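Q: let's see this in three dimensions:
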Amino acid sequence: MKLVVVGGVAGGATAAARLRRLSEEAVIILLERGPEVSYANCGLPYYIGGIILDREELILQTPESLAKRYRLDVRVKSTVLAVDAAAKTVRIRDAAGNREYDETYDKLLLSPGAFPVRPPFPGSDHPLVRTLRDVADTEALAGLAGKGGNAVIVGGGFIGVEMAENLRLRGMSVDLIEARDQILWNLDPEMAFPVQEIMEGKGVRIVLGDAVTAITPQNDGLLVSTRGGLSLPASFVLLAAGVRPDTLLARNAGLKTGLAGGILVDRSMRTSDPDIYAVGDAVEAPHLVLGKTVLPLLAGPANRQARIAADSMMGRTAEYSGTLTTAICGVFGLQAASSGAPEKQLKSAGIPFQKAYIHPLNHAGYYPGASRLHMKILFSPGDGRILGIQAVGAEGADKRVDVIAIAMQAGLSVGDLAGAELAYAPQFGSARDPVNQAGQVAGNILSGEMVPAYPDEIAGLIANGAVILDVRTTGEFTAGRIPGSLNIPIDELRNRLGEVPKSGPVIVCCQVGLRGYVAARILAGAGHDARNLVGGFLTYQAFQLKTEK
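A: Residues are numbered from 1 along each chain as shown. Sure, this is the predicted structure:
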């Protein structure tokens with residue numbers, strides 16, 4: 001059997017190696033339009049930032065190493081111009097040999113990836129306006145960063161945020177412009193705010209709700225103009241405003257594409273043509289929470305899809321169930337991780353949900369070095385099925401999101417999280433792990449044991465006669481509070497119940513929600529309509545600071 005793979009990196013190179021492991025007899029041809037067939041694309045910003053020092057560390061495999069170990073016919077600088085599905089041929093331009101030729105196939109795998117969006121404003125094609133896709137881009141950006149000055153980054157997604165950090169590490173001034181009202185769209189705004197705060201503390205200027213309208217040459221650099229009236233000098237501009245799936249080859253071959261703009265595939269990664277498969281950033285995948293197809297645009301799903309496609313091409317039964325778009329970003333020592341759907345996507349999809357915030361320490365507080373995690377869990381109001389998880393903190397966000405992502409894939413509920421048995425020692429976690437805590441708080445809301453109130457509801461509740469009762473210590477209360485709050489420390493509450501009005505609901509506030517829950521139970525026992533501010537003052541403060549920004 002003759003198998004042709006178009007595109008390398010996480011999708012194509014992984015599939016080609018798997019195909020060889022499944023068959024010593026097959027002829028396997030791997031075609032890559034660039035000079036590098038397998039490189040660490042997620043590591044590119046860290047070479048620019050000087051964290052990865054040797055360029056060769058980015059190169060995972062070469063044509064020679066793949067030929068030696070897997071007996072693959074790897075052809076770099078070979079662009080596939082067209083696919084003739086009826087004749088089962090691909091038309092190839094060989095840049096090295098300066099010729100075009102046809103190659104036949106029995107089965108074909110497409111892994112063309114995605115390309116960076118280059119907005120059509122004037123000046124976007126200037127040589128100092130760059131994108132980051134491959135090793136060549138990386139080397140160019142590393143050279144520009146080495147000259148110093150000011151960089152303007154357009155886009156606040158993963159690439160924009162990671163590049164902002166790495167350019168600051170190189171000593172550059174950095175302005176980041178994001179058209180939406182927050183960075184890191186995989187998070188909800190209040191969860192993204194701590195990342196924005198630490199970036200600004202490290203000298204990155206972040207401009208939200210604005211867009212570039214033009215880039216013009218100025219002296220040896222550029223001048224970036226925005227819709228909001230800003231004029232920003234730049235040594236160079238990095239466009240990180242998203243990517244689009246590279247589907248031209250597939251569409252010209254008559255393959256079906258979906259509403260998200262990617263190639264449509266079934267669970268075996270087969271396209272609308274039974275002998276053509278597709279994987280990676282160019283394909284749509286079913287979202288396990290939202291119930292529609294999306295573009296995962298992540299290396300992990302691409303790698304798993306590649307294995308499934310290779311198995312399917314060799315006649316094995318293999319299926320890709322879908323994606324939760326589980327992702328993590330590190331910036332200036334902070335981790336920001338998520339899985340499932342954020343609140344804004346659930347609302348847009350019309351999916352009912354409830355939510356809870358917790359702010360636990362990443363490990364036992366008595367063991368030195370504990371730091372706070374900020375976590376948000378979203379779940380179904382009926383059966384408690386987990387719909388989404390977000391976690392931000394200096395340490396431990398990855399572990400908790402990974403555990404809860406597995407729980408989501410297994411269809412577990414928040415009750416299962418409450419009862420999960422996890423590894424514990426004081427330097428790694430707590431006897432009641434943050435995963436357990438998230439499940440317990442969510443379970444209390446589901447059962448009605450805790451009636452929740454949320455920061456964005458506070459103003460309306462006060463207008464309707466609610467009282468805000470702050471049960472923190474006097475010192476905590478003095479340091480910052482919700483305007484108009486009544487302060488009765490929790491340990492004094494039972495003896496001062498007469499001071500709490502019964503004319504309306506009582507919204508109980510503490511620092512992170514735990515004391516508030518205990519106080520709300522005390523008040524409920526005394527006949528009050530008591531509701532706990534979920535996530536406490538820390539969550540309220542995040543909402544307020546985000547609004548002020």
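Q: which residue is nearest the centroid of this protein?
A: Centrality entry for the chain: nearest residue to the mean C-alpha point is residue 327, 4.1 Å, by C-alpha atoms, centre = their mean.
Q: give me the distance between that residue and residue 221.
A: Distance from residue 327 to residue 221, counting by C-beta to C-beta, to the nearest Å: 33 Å. Every residue, glycine included, has its C-beta placed from N, CA and C.
Q: check what pLDDT the residue nearest to the centre of the chain gets.
A: Residue 327 is assigned a predicted lDDT (pLDDT) of 97.
Q: residue 546 too?
A: The pLDDT attached to residue 546 in the predicted structure is 63.
Q: neighbouring contacts of the one helix or strand residue 339 maps to?
A: In this assignment (DSSP states H and E), residue 339 forms part of strand 334-340. With contacts defined as C-beta atoms under 8 Å, 6 or more residues apart in numbering, strand 334-340 is touched by 184, 186-187, 191-192, 194-195, 198, 288-289, 324-330, 378, 386-398, 400-402, 404-405, 408.
Q: quick check: next helix or strand after that strand?
A: Criterion used, DSSP H and E; the element after strand 334-340 is helix 343-349.
Q: alpha carbons only: can I get the very next helix or strand once past that following helix in CSV?
A: Note on helix 343-349: by DSSP H and E, the next helix or strand toward the C-terminus is strand 354-358. Output of strand 354-358 as CSV, limited to C-alpha atoms (Å, rounded to 0.1, in the frame of the first residue of the first chain):
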residue,chain,number,x,y,z
GLN,A,354,-24.4,26.9,37.6
LYS,A,355,-21.0,28.0,38.8
ALA,A,356,-18.7,28.1,41.8
TYR,A,357,-15.5,29.9,42.7
ILE,A,358,-12.9,28.7,45.2
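Q: tell me which helix or strand comes right after strand 354-358.
A: Strand 354-358 is succeeded, C-terminally, by strand 373-379 (DSSP H and E).
Q: mind checking the pLDDT average for that following strand?
A: Across strand 373-379, the per-residue pLDDT values average to 97.
Q: please apply the same query to stretch 243-258.
A: The model assigns stretch 243-258 a mean pLDDT of 96.
Q: secondary structure element for the nearest residue to residue 203 once chain neighbours are set aside?
A: Once flanking residues are discounted, residue 203 sits nearest to residue 168: 6.0 Å by C-beta to C-beta, 6 or more residues apart in numbering. Assigned by DSSP H and E, residue 168 belongs to helix 158-169.
Q: so that helix versus strand 334-340, what angle?
A: 180 degrees (axes from the mean of the first three to the mean of the last three C-alpha atoms, to 10 degrees).
Q: mean confidence for helix 158-169?
A: For helix 158-169, mean pLDDT is 97.
Q: which element follows it toward the C-terminus?
A: That would be, after helix 158-169 and using DSSP H and E, strand 173-178.
Q: helices or strands next to that following strand in the packing?
A: Judged by 3 or more C-beta pairs under 8 Å, 6 or more residues apart in numbering; DSSP states H and E, strand 173-178 is in contact with strand 150-154, helix 158-169, strand 204-208, strand 221-226.
Q: how far away from the center of its chain is the strand holding residue 339?
A: Its chain's average C-alpha position is 6 Å from that of strand 334-340, according to C-alpha atoms, centre = their mean, to the nearest Å.
Q: next, the angle from that strand to strand 373-379.
A: Going by the same axes, to 10 degrees, strand 334-340 makes 10 degrees with strand 373-379.
Q: partners of strand 334-340, with directions?
A: strand 327-331 (antiparallel), strand 386-393 (antiparallel) (DSSP bridges).
Q: tell me the average confidence for the last one?
A: Which is strand 386-393. pLDDT averaged over strand 386-393 gives 98.
Q: return the set of buried residues in it.
A: The neighbour-count check on strand 386-393 (16 or more other C-beta atoms under 10 Å) flags 386-393 as buried.
Q: check which element follows it along the chain.
A: Downstream of strand 386-393 (by DSSP H and E), the next one is helix 397-409.
Q: remind me what the helix or strand following that following helix packs against, helices and strands.
A: Scanning forward in sequence from helix 397-409 by DSSP H and E, the next helix or strand is helix 414-418. The elements that helix 414-418 packs onto, with contact taken as 3+ C-beta pairs under 8 Å, 6+ apart, are helix 397-409, helix 434-447.
Q: mind doing that once more with 6 Å?
A: helix 434-447 (3 or more C-beta pairs under 6 Å, 6 or more residues apart in numbering; DSSP states H and E).
Q: what angle separates the helix it packs on from strand 373-379?
A: Angle, helix 434-447 to strand 373-379, by the same axes, to 10 degrees: 40 degrees.
Q: which secondary structure elements does helix 434-447 contact?
A: Using 3+ C-beta pairs under 6 Å, 6+ apart, helix 434-447 sits against strand 354-358, strand 373-379, helix 397-409, helix 414-418.
Q: flag every buried residue along the third one.
A: By that I understand helix 397-409. 397, 399-405, 407-409.
Q: circling back to that earlier point, nearest to residue 43 among the helices and strands packed on strand 173-178 would be which one?
A: Residue 43 lies closest, by C-beta to C-beta, to one member of the helices and strands packed on strand 173-178: helix 158-169, at 10.1 Å.
Q: quick one, the closest one and strand 150-154 angle?
A: Going by the same axes, to 10 degrees, helix 158-169 makes 170 degrees with strand 150-154.
Q: what's helix 158-169 packed up against?
A: helix 44-48, strand 150-154, strand 173-178, strand 327-331.
Q: include distance to residue 435 when you put those into JSON lines, please.
A: Formatted as JSON lines, the helices and strands packed on helix 158-169 follow (distance: least, C-beta to C-beta, whole Å):
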{"stretch": "helix 44-48", "distance to residue 435": "29"}
{"stretch": "strand 150-154", "distance to residue 435": "34"}
{"stretch": "strand 173-178", "distance to residue 435": "31"}
{"stretch": "strand 327-331", "distance to residue 435": "16"}
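Q: can you tell me which of the ones you listed comes nearest to residue 438?
A: strand 327-331 (17.1 Å).
Q: C-alpha coordinates for the closest one, CSV please?
A: The C-alpha coordinates for strand 327-331 follow below in CSV (Å, rounded to 0.1, in the frame of the first residue of the first chain):
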residue,chain,number,x,y,z
ALA,A,327,-5.1,24.2,27.4
ILE,A,328,-2.6,26.0,29.7
CYS,A,329,-0.5,29.1,29.3
GLY,A,330,2.5,30.2,31.5
VAL,A,331,3.3,33.8,31.9
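Q: how far off centre is it?
A: Taking C-alpha atoms, centre = their mean, one finds strand 327-331 lying 7 Å from the centre of the chain it belongs to.
Q: need the residues that contact it.
A: With C-beta atoms under 6 Å, 6 or more residues apart in numbering as the test, strand 327-331 has contacts from 158, 161, 165, 186, 195, 336-338, 398.
Q: change it to 7 Å
A: Strand 327-331 is contacted from outside by 158, 161-162, 165, 184, 186, 195, 198-199, 298, 335-338, 398, 401, using C-beta atoms under 7 Å, 6 or more residues apart in numbering.
Q: show the buried residues in those.
A: Neighbour-count burial (16+ other C-beta under 10 Å) applied to the contacts of strand 327-331 gives 158, 161-162, 165, 184, 186, 195, 198-199, 298, 335-338, 401.
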